[in-house]
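**Student:** Next one to model:
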Amino acid sequence: MTLINELHATSRRSSDLSKHSADVFAEAEDHTVQITRRDGEPLVLMSQREADARAGLLQFAADLITVTLDEDGTLASRMARKFEWMHALSAADQATCAQDLVAAARASFATGQAHLAVAELTSWRETATAIAAGLSAAPVEWLDTTPTVERPS
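**Tutor:** Numbers count the residues shown, from 1 in each chain. Alright, predicted model coming up:
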């Protein structure tokens, strides 16, 4: 995987950055922009959101590598040791979570889309947090009828 995802990157000259900075900055908010220079190596301009997502993906990759190097227990139990919030999930949900996180990481690495793995990790962590807070998957009682309210005069 390269730093710039070829499908969503544009290349601009350094002179474009000085002459049309608003346009280049607007592009960088949408996707990565490679700034080419005659006198040096190209530079990359991206949003802080994109940089944070990439940093999060690299941290997640490091965590997954740590988990795979451990040989004690199932994938789910090894991941629960690394991601302690997983202990709030049932054993079956831990196994599903582990598989979902690995699949999302593979998709992120293959496509260069960091948000896939980060979103999956966040979703599972928030689910575990909700369960730990006492929220459950028990059916919610809904009112069968909508109450009628008289219109004020």
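**Student:** Break the chain into its domains for me.
**Tutor:** What automatic domain parsing lists as the domains of the chain is 6-46, 49-132.
**Student:** Give me whichever of these is most buried.
**Tutor:** domain 49-132 (a mean of 16; mean count of other Cβ atoms under 10 Å). All C-beta atoms are positioned from the backbone trio N, CA, C, and that covers glycine.
**Student:** averaged over its residues, what pLDDT does that domain have?
**Tutor:** Averaging pLDDT along domain 49-132 yields 92.
**Student:** Roughly how far does the residue nearest to T129 when sequence neighbours are not counted sit from W124?
**Tutor:** Spatially, and ignoring its direct neighbours in sequence, T129 is nearest to W85 (6.7 Å; Cβ to Cβ, 6 or more residues apart in numbering). Distance, W85 to W124, using Cβ to Cβ, to the nearest Å: 8 Å.
**Student:** And A103, by the same measure?
**Tutor:** Taking Cβ to Cβ as the measure, A103 falls 12 Å from W124.
**Student:** roughly how far is the helix or strand where Q59 lies from the heart of the chain?
**Tutor:** Here Q59, judged by DSSP states H and E, is contained in helix 48-69. Put simply, helix 48-69 sits 9 Å off its chain's centre (Cα atoms, centre = their mean, to the nearest Å).
**Student:** ok, now stretch 107-125?
**Tutor:** Distance, centroid of stretch 107-125 to centroid of chain: 4 Å (Cα atoms, centre = their mean).
**Student:** So that it lines up with my notes, have the first residue be 872 from now on.
**Tutor:** With 872 as the first residue, the last one maps to stretch 978-996.
**Student:** Would you mind listing the outside residues contacting that stretch?
**Tutor:** Here stretch 978-996 makes contact (Cβ atoms under 8 Å, 6 or more residues apart in numbering) with 872-873, 876, 878, 921, 924-925, 927-928, 931-932, 954, 956-957, 960, 968, 971-972, 974-976.
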